[in-house]
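Peer 1: quick one, what's the 3D model for this:
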Amino acid sequence: EPTPCGAGGAAGQSPVARSAPVRWRDWREAGAQSAIITVALTMYSMWTRDPEYDFSILYFMPGFSYFNVNRLGRRFVNENNMGSPHNGWHTLLSFDDAIADFDRIPSWGIFDQSCFDAGKLSTSQGDFFECGNFASDLPDSVRDWDGWSQDNKAELERGWILTGATIEELGQKIKEFDPLMDVDTLKATFEEYQGFAAAGKDARFDRAAETMVPLDNGPYYAVSIYPGSCSTLGGPMKNENAQVLDPAQNPIPRLYAAGCFGNFQSHTYGITGGNNAENQVWGRIAARHASGLENWDAE
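Peer 2: Next up, the predicted model:
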């Protein structure tokens, strides 16, 4: 467990006077050992599986004729209630002792032609939510990609979206990437979902009836779903003066941390201004303490 700010024997200790400036390699040697990543704040996202565009992408289904399965081909959640973009990673961190691995990394979103045609699966340059390496304020020289296409076809051609004429064929495509996919289980899950949709009742996960739209007769599509980072809270341990601590919890002279770098909130996300407030509060704490140090060039 991360030590709270101010805990441990280092709290309140003063830095060594007339210490040399902290260089980047000093921080890597001393600070990296004390780094404690308390939580990687994540959301569920697609991974392209494409070496030319090797990144994860925010995704959303444009229609309701879809369901999600784990690596074995089983549904595992009410797809409309996977959690917010700030805690959806919890849903995907199931560890299955039977396979000695995470059984939901990757998961797969299974959908039909009507869902494919209903709209794009992600955001594009100029959209309501630009993110990653395609935001419009990035120069062309560093932008790897202009964002998702309007009709999903470019991503289908690149192989980011898998497709099959039947559920069995789609399952085989998934199995080529992840051998743990059980095609028969996927087919049974598909048939169960179709029955639930026809009955208007999700007897397994209680997904809202109005969203239980049956998949059409094919073709069918799949995207791989992973935990994907949208922010990080954590970093080096620090004391109540914002001083970064070494592995023995002693302050590293003249090295301070503020904001999400050394975030104190641990397993919560400081939304609605929390991140900015932490920048201000810990920045002021660090500045006040640093201003009391003796100059490097003091006689």
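Peer 1: the stretch 51-200 of the chain: helices as residue ranges?
Peer 2: 113-118, 153-158, 167-177, 183-199 (DSSP state H, counting those that start in this stretch).
Peer 1: want to throw those into CSV with distance to Ala135?
Peer 2: C-beta: built from backbone N, CA, C; applies to glycine. Formatted as CSV, the helices of the stretch 51-200 of the chain follow (distance: least, C-beta to C-beta, whole Å):
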stretch, distance to Ala135
helix 113-118, 25
helix 153-158, 18
helix 167-177, 29
helix 183-199, 36
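Peer 1: let me have those in CSV, extended by mean pLDDT and mean neighbour count.
Peer 2: Listed next are the helices of the stretch 51-200 of the chain as CSV, based on pLDDT from 0 to 100; neighbours: other C-beta atoms under 10 Å:
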stretch, mean pLDDT, mean neighbour count
helix 113-118, 97, 18
helix 153-158, 96, 14
helix 167-177, 98, 18
helix 183-199, 98, 16
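Peer 1: which one, of those, ends up nearest to Thr48?
Peer 2: helix 153-158 (7.4 Å; C-beta to C-beta).
Peer 1: strands along the stretch 151-299 of the chain, start to end?
Peer 2: Per DSSP state E, counting those that start in this stretch, the stretch 151-299 of the chain carries strands over the ranges 162-164, 220-236, 243-245, 251-256.
Peer 1: mean pLDDT for these: which is lowest?
Peer 2: Mean pLDDT across these is lowest at strand 220-236; the value there is a mean of 78.
Peer 1: before we move on, back to that, can you list the strands of the stretch 151-299 of the chain in a markdown table and add distance to Arg288?
Peer 2: Converted to a markdown table, those look like this (distance: least, C-beta to C-beta, whole Å):
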| stretch | distance to Arg288 |
| --- | --- |
| strand 162-164 | 56 |
| strand 220-236 | 19 |
| strand 243-245 | 12 |
| strand 251-256 | 11 |
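Peer 1: list the contacts of Gly200.
Peer 2: 209, 212 (C-beta atoms under 8 Å, 6 or more residues apart in numbering).
Peer 1: residues near the closest residue to Gly126 other than its chain neighbours, how many?
Peer 2: Once flanking residues are discounted, Gly126 sits nearest to Ser136: 5.8 Å by C-beta to C-beta, 6 or more residues apart in numbering. When neighbours are counted by other C-beta atoms under 10 Å, Ser136 registers 12.
Peer 1: hang on, Ser136 packs against Asp127?
Peer 2: No. In this structure Ser136 lies outside contact range of Asp127 using C-beta atoms under 8 Å: 9.2 Å.
Peer 1: so which of the strands of the stretch 151-299 of the chain is nearest Ser94?
Peer 2: From the strands of the stretch 151-299 of the chain, taking C-beta to C-beta, the stretch that ends up closest is strand 220-236, at 11.4 Å.
Peer 1: Asn80 contacts Thr211, correct?
Peer 2: Yes. Asn80 is within contact range of Thr211, at 5.7 Å (criterion: C-beta under 8 Å).
Peer 1: what about those two, which has more around it?
Peer 2: Set Asn80 next to Thr211 and count neighbours by other C-beta under 10 Å: Thr211 wins out with 16 against 13.
Peer 1: quick one, what contacts Phe177?
Peer 2: Counted by C-beta under 8 Å, 6+ apart, Phe177 has contacts 49, 162, 224.
Peer 1: could you find the closest non-adjacent residue to the last one?
Peer 2: Spelled out, that is Ser224. Excluding the flanking residues, the one nearest Ser224 by C-beta to C-beta, 6+ apart is Pro106, at 4.2 Å.
Peer 1: the one you found: what's it in contact with?
Peer 2: Taking C-beta under 8 Å, 6+ apart as the test, what Pro106 contacts is 47, 71, 178, 224-226.
Peer 1: can you pick the most crowded of these?
Peer 2: That'd be Ile225 among the contacts of Pro106, by other C-beta under 10 Å, with 25 neighbours.
Peer 1: how far away is it from Ser56?
Peer 2: 9 Å (C-beta to C-beta, to the nearest Å).
Peer 1: pLDDT score for the residue nearest to Gly88 when sequence neighbours are not counted?
Peer 2: With sequence-adjacent residues excluded and distances taken as C-beta to C-beta, 6+ apart, Gly88 is closest to Tyr44, at 4.5 Å. Here, the pLDDT recorded for Tyr44 equals 77.
Peer 1: where does Tyr44 sit: helix, strand or coil?
Peer 2: strand (DSSP: H, G, I helix; E, B strand; the rest coil).
Peer 1: and Trp160, what's its pLDDT?
Peer 2: pLDDT, Trp160: 96.
Peer 1: distance check, it against Ser56.
Peer 2: Applying C-beta to C-beta, the value for Trp160 to Ser56 is 11 Å.
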